[in-house]
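A.B. asks: no sequence on hand, only this structure:
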C-alpha cells in the first residue's frame, strides 16, 4: 500500500480531497482515515519513523462516529489522514500480564502512541497528540498452544480516548 508519507506526498491521489469551497476547517464532520505506521524498532524511542509501511485501521476503532469514518482509501471527500505510531515499548512499568493454562506468563509492556493529523488535500500537518496503550487482550492461542508463549504483549490505545482526541479535528465546532 505504500507509506503514510507516500499518501501525503505529491499530488493528491484521485478520489482523496476536500471541498475546495470550505477546506477541512469548516463544516463537520470531517471524514478521516487512520493508518497504523509500522515502526521497525518500536523499542527505540529516540527516532520516530514517519515513513514506515502502514495499514488502514479505521474500521477497527470502536466508537468512531459514522460521519467520521471514511469507507475506503479512495472515497471522495476524505479530509483528514491520521497516522498512528507505536513507540516507547517497554518504557515504564508493565501494565499487566497474560497467563496461559500452564501458568506461564508474558508481560504486557507499556507503549505510547503518537498521532499526526494531516489535511488530506494539502498534506499539511494540522496537529499531533499522544495516548498511552492501555487496552489489551491476551492472545487466545496461548491456551491452545501452551508450550508457546509470546515474549511480550503490546496494548492498544483506549478507543474512547482516541475518539475524544480526534474530536477537535473531525468536529471542530463541537469540540470542547
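C.D. replies: Now that the structure is in, tell me what you want to look at. As the structure is a prediction and not an experimental result, all values here were calculated from the model. Numbers count the residues shown, from 1 in each chain.
A.B. asks: C-alpha from now on. contacts and neighbour counts both.
C.D. replies: OK.
A.B. asks: paired strands for whichever strand or helix holds residue 54, with orientation please.
C.D. replies: Using DSSP states H and E, residue 54 sits within strand 54-56. Applying DSSP bridges, strand 54-56 is found paired with strand 32-37 (antiparallel).
A.B. asks: quick one on the thing from earlier: state the mean pLDDT of the strand holding residue 54.
C.D. replies: Strand 54-56 shows a mean pLDDT of 84.
A.B. asks: same thing with stretch 169-176?
C.D. replies: Averaged over stretch 169-176, pLDDT sits at 74.
A.B. asks: what about the strands in the chain?
C.D. replies: 32-37, 54-56, 80-87, 96-99, 105-108, 112-119, 125-135, 156-157 (DSSP state E).
A.B. asks: re earlier: run the chain-centre distance for the strand holding residue 54.
C.D. replies: 9 Å (CA atoms, centre = their mean, to the nearest Å).
A.B. asks: okay, the strands of the chain in CSV with distance to residue 170 and mean neighbour count next?
C.D. replies: Formatted as CSV, the strands of the chain follow (distance: least, CA to CA, whole Å; neighbours: other CA atoms under 10 Å):
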stretch, distance to residue 170, mean neighbour count
strand 32-37, 8, 23
strand 54-56, 17, 18
strand 80-87, 8, 26
strand 96-99, 33, 16
strand 105-108, 31, 20
strand 112-119, 10, 21
strand 125-135, 12, 16
strand 156-157, 18, 18
